[in-house]
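> quick one: sequence plus predicted model below, questions after.
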Amino acid sequence: MSDIKVDPKQYIVNDEPYYQAIADEVELYEAAYNVRMPMMIKGPTGCGKSRFVEYMAWKLGKPLITVACNEDMTASDLIGRFLLDKDGTKWQDGPLTTAARIGAICYLDEIVEARQDTTVVIHPLTDHRRSLPLDKKGELIQAHPDFQLVISYNPGYQSLMKDLKQSTKQRFGGLDFDYPASELEVEIVSKESGVDPVMAEKLVQIAQRARNLKGHGLDEGISTRLLVYAGQLISKGVAPQDACSMTMITPLTDDPDMRDTLHAAVQTFLN
Ligand SMILES: Nc1ncnc2c1ncn2[C@@H]1O[C@H](COP(=O)(O)OP(=O)(O)O)[C@@H](O)[C@H]1O
Ligand SMILES: [Mg+2]
């Protein structure tokens, strides 16, 4: 029986990701990494959480292994499993195990999507033990000194049925993220999409207007990601009205009144 090997180099972030710091999150994260504190990045969808983690992995020069969590995910999907092929049985590490072995930053994106019985497998890695038992294989892994666990968490999504247990939450330090302040968001949208700052500012103004509707008919505000999408279409020549409808209205709501309200906001700021 043999194990499938991975090359840590494949997880290195080679090119500097563009990340516009919002406050002192870069320094705070570095301090947390220095003591290998597990981190929870909290904030609404599309506000820059994943980009931030990529940037930090690059800045710290550590491999990054990202897992998009979902409710069908099992503990074995994180830890690993035996595979059968023509040469016999092989053990394949899951992403969490690989990260613990090679000293990567393991980013569990949208952790609340995973079932609680899956989430508990991170417990021994997130306290003084820093270990991971591979029960099926009969191996106990001691995490590499560089290993760190990071999770993202959207506070808007959780319900009583779908939330992290306190016993899981209290293993992490946390950083609050939100949509960037106007001037920074204008800069981000302009840099990421190629529209000029004047157009980027209009998009940001529309979003800010719409974000006030959160809780008044909209579940989530228009994210920075959607503004970047709008900008990308506009810089490819799509009419701004159409670009805004496609990216900032249609995906967000099916409610005809809410759509009218959003269309009116788009109209106001594009003129
Ligand atoms: N601070 C930032 N610096 C650079 N780009 C950003 C920033 N915040 C948001 N973005 C842009 O918004 C997009 C969505 O961000 P992402 O990190 O994927 O969101 P999240 O993980 O919070 O859902 C990114 O692809 C990037 O274009
Ligand atoms: Mg993300």
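Everything's here; your move. Ligands and ions are numbered 1, 2, ... in the order given.

> CA atoms for contacts and neighbours, from now on please.
Will do.

> any low-confidence regions in the chain?
The chain contains residues with pLDDT under 70 at 1, 157-161.

> show the backbone phi and psi for residue 248.
The phi and psi values for residue 248, taken as degrees, to the nearest 10, are phi -110, psi -10.

> surely residue 270 meets residue 202?
Yes. Counting by C-alpha atoms under 8 Å, a contact exists between residue 270 and residue 202, whose distance comes to 6.4 Å.

> more crowded one of these two?
Each of residue 270 and residue 202 has its neighbours counted (other C-alpha atoms under 10 Å); residue 202 has more, 17 against 14.

> how about the contacts made by the residue lying closest to the more buried one once chain neighbours are set aside?
If the residues on either side of it in the chain are set aside, residue 202 comes closest to residue 269, at 5.8 Å by C-alpha to C-alpha, 6 or more residues apart in numbering. Shown in contact with residue 269 (C-alpha atoms under 8 Å, 6 or more residues apart in numbering): 202, 203, 205, 206.

> got a list of what the third one touches?
To tie it back to what came earlier, the one meant is residue 205. 182, 269 are the contacts of residue 205 under C-alpha under 8 Å, 6+ apart.

> before we move on, which element is it in?
For residue 205, the host element (DSSP states H and E) is helix 197-211.

> which SS state does the residue nearest to residue 202 fall under?
Put simply, residue 269 is helix when judged by DSSP: H, G, I helix; E, B strand; the rest coil.

> how near is it to residue 252?
Here residue 269 is placed at a distance of 19 Å from residue 252 (C-alpha to C-alpha, to the nearest Å).

> again with residue 261
Using C-alpha to C-alpha, residue 261 is found at 12 Å from residue 252.

> neighbour count winner among those two?
More crowded of residue 261 and residue 252, by other C-alpha under 10 Å: residue 252, with 20 against 14.

> other residues contacting stretch 248-262?
For stretch 248-262, the external contacting residues (C-alpha under 8 Å, 6+ apart) are 210, 217, 218, 220, 222, 226, 227, 230, 263.

> pull out the buried members of the residues you listed.
Neighbour counting by 16 or more other C-alpha atoms under 10 Å classes 210, 218, 220, 222, 226, 227, 230, 263 among the contacts of stretch 248-262 as buried.
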